[in-house]
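Novice: Requesting a structural model of the entry that follows:
(chains A and B)
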Amino acid sequence: MEKQNSFLTKDNIVLNLDAKSREDAIAQLSEVLYKNGIITDADKFTRDVLKRESMTTTGIGKHIAIPHGKSTAIKVPSMVFAKNKTPLKWNSLDGSKVTMIFLMAVSTNNGDKEHLKMLAHLSGKLMDDSFVSKLNKANKTKDILNLLED
Amino acid sequence: MTKIVAITACIAGIAHTYMAAANLKKYAKKEGDEIKVETQGAMGIENKLSSQDIKDADVVIFAVDTSISGKERFVGKKVLKIGTSEVIKDGDSAIKKAEDLVNGKKQ
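Specialist: Numbers count the residues shown, from 1 in each chain, chains lettered A, B, ... in the order given. Predicted structure coming up:
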């Protein structure tokens, strides 16, 4: 039986993403969210996320980016975490190139608070240097899941 | 020790609100300051500051990219207004700026 709180599974993790640009990464990961049944229109979601990106960068430093978008079609807030093969330019706050990407998808009408809470909790953890360094080193799906769900 | 209260709020209310809150707490702790952070995000208002919290605070930090609710609670307080990105990028200097404000140093 599925765990009550299984917010993340292996379907939410992409190792060895081979995106060539920020736009490419967001498009590819939107496809993953589409395949996971989180969003109904990957192209539209990609556009929404890029629109958000154009307001302020989501490259928060330390090689991490957290692009995100809202959509009315989203029933359950979710995310996908990816490690890209090559560092991507992301206009980051600290100038670093991005290798770790969290693409978050949230409903416009804020349905599920439990999952929002987990996204918020995860966002807070990204300020913890030791967490980021562990995440940087982890290269197995299982290890990444353990870190994210901790 | 400086007593700080803060509000964090970003446009989407998903990530930056909570990252900024975490970073303010992290650096306030490093400085030995006391801090309470109210988040106004997608989950609504959390850890709401009480009137006593606000009364006791030496300084208020608004780490916000959008309008916030309950701003009138802070009338007459020393306020540092800053964007969430700045706090995420450099939480250390955000806390130090707030301390400087209390100590009357020029920004």
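
Novice: quick check: longest helix of chain B.
Specialist: Criterion DSSP state H: the longest helix present in chain B is helix B:16-31.

Novice: How about it and chain A, touching?
Specialist: Yes: Helix B:16-31 reaches chain A (Cβ under 8 Å from any Cβ of the partner chain) through B:16, B:17, B:18, B:19, B:21, B:22, B:23, B:26. (Each C-beta comes from the backbone N, C-alpha and C, glycine too.)

Novice: Give me the helices and strands touching the particular helix or strand that has residue A:133 in it, please.
Specialist: Using DSSP states H and E, residue A:133 sits within helix A:129-137. The elements that helix A:129-137 packs onto, with contact taken as 3 or more Cβ pairs under 8 Å, 6 or more residues apart in numbering or on different chains; DSSP states H and E, are strand A:98-107, helix A:141-149.

Novice: Out of these, which is the most enclosed?
Specialist: strand A:98-107 (a mean of 24; mean count of other Cβ atoms under 10 Å in any protein chain shown).

Novice: does chain B sit close to that strand?
Specialist: Yes: interface with chain B: strand A:98-107 contributes A:104, A:106 (Cβ under 8 Å from any Cβ).

Novice: Which elements pack onto the following helix or strand past that strand?
Specialist: Beyond strand A:98-107 in the direction of the C-terminus, DSSP H and E gives the next helix or strand as helix A:113-125. Identification of packing neighbours for helix A:113-125 by 3+ Cβ pairs under 8 Å, 6+ apart yields strand A:78-88, strand A:98-107, helix B:16-31.

Novice: Now mean pLDDT too, for the ones you listed, in CSV please.
Specialist: Below are the helices and strands packed on helix A:113-125 laid out as CSV (pLDDT from 0 to 100):
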stretch, mean pLDDT
strand A:78-88, 96
strand A:98-107, 92
helix B:16-31, 96
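
Novice: can you tell which of the ones you listed is closest to residue A:63?
Specialist: Distance to residue A:63, taken as Cβ to Cβ, is lowest for strand A:98-107 among these, at 4.7 Å.

Novice: which strands and helices sit next to that closest one?
Specialist: Looks like strand A:98-107 contacts helix A:22-35, strand A:64-65, strand A:68-71, strand A:78-88, helix A:113-125, helix A:129-137 (3+ Cβ pairs under 8 Å, 6+ apart).

Novice: I'd like the mean pLDDT over the helix or strand hosting residue A:45, please.
Specialist: Take DSSP H and E as the rule and residue A:45 turns out to sit in helix A:42-55. The average pLDDT within helix A:42-55 is 92.

Novice: now the end-to-end length of stretch A:9-29.
Specialist: This stretch, stretch A:9-29, spans 15 Å end to end (Cα to Cα, to the nearest Å).

Novice: what about residue A:117, distance to residue A:124?
Specialist: According to Cβ to Cβ, to the nearest Å, residue A:117 stands 11 Å off from residue A:124.

Novice: what about the two, which has more around it?
Specialist: residue A:124 (21 against 16; other Cβ atoms under 10 Å in any protein chain shown).

Novice: neighbours of the nearest residue to that one once chain neighbours are set aside, just the number please.
Specialist: With Cβ to Cβ, 6 or more residues apart in numbering or on different chains as the criterion, residue A:124 has its nearest non-adjacent residue at 3.7 Å, and that residue is residue B:22. Residue B:22 has 24 neighbouring residues, counting by other Cβ under 10 Å.

Novice: hmm, back to that, what angle do the helix holding residue A:45 and strand A:98-107 make?
Specialist: Relative orientation of helix A:42-55 and strand A:98-107, computed by axes from the mean of the first three to the mean of the last three Cα atoms, to 10 degrees: 110 degrees.

Novice: List the buried residues of helix A:42-55.
Specialist: A:42, A:45, A:46, A:48, A:49, A:50, A:52, A:53 (16 or more other Cβ atoms under 10 Å in any protein chain shown).

Novice: Who does the helix or strand just after that helix pair with, and is each partner parallel or antiparallel?
Specialist: Next in sequence after helix A:42-55, counting helices and strands by DSSP H and E, comes strand A:59-61. As defined by DSSP bridges, the strand partners of strand A:59-61 come to strand A:64-65 (antiparallel).
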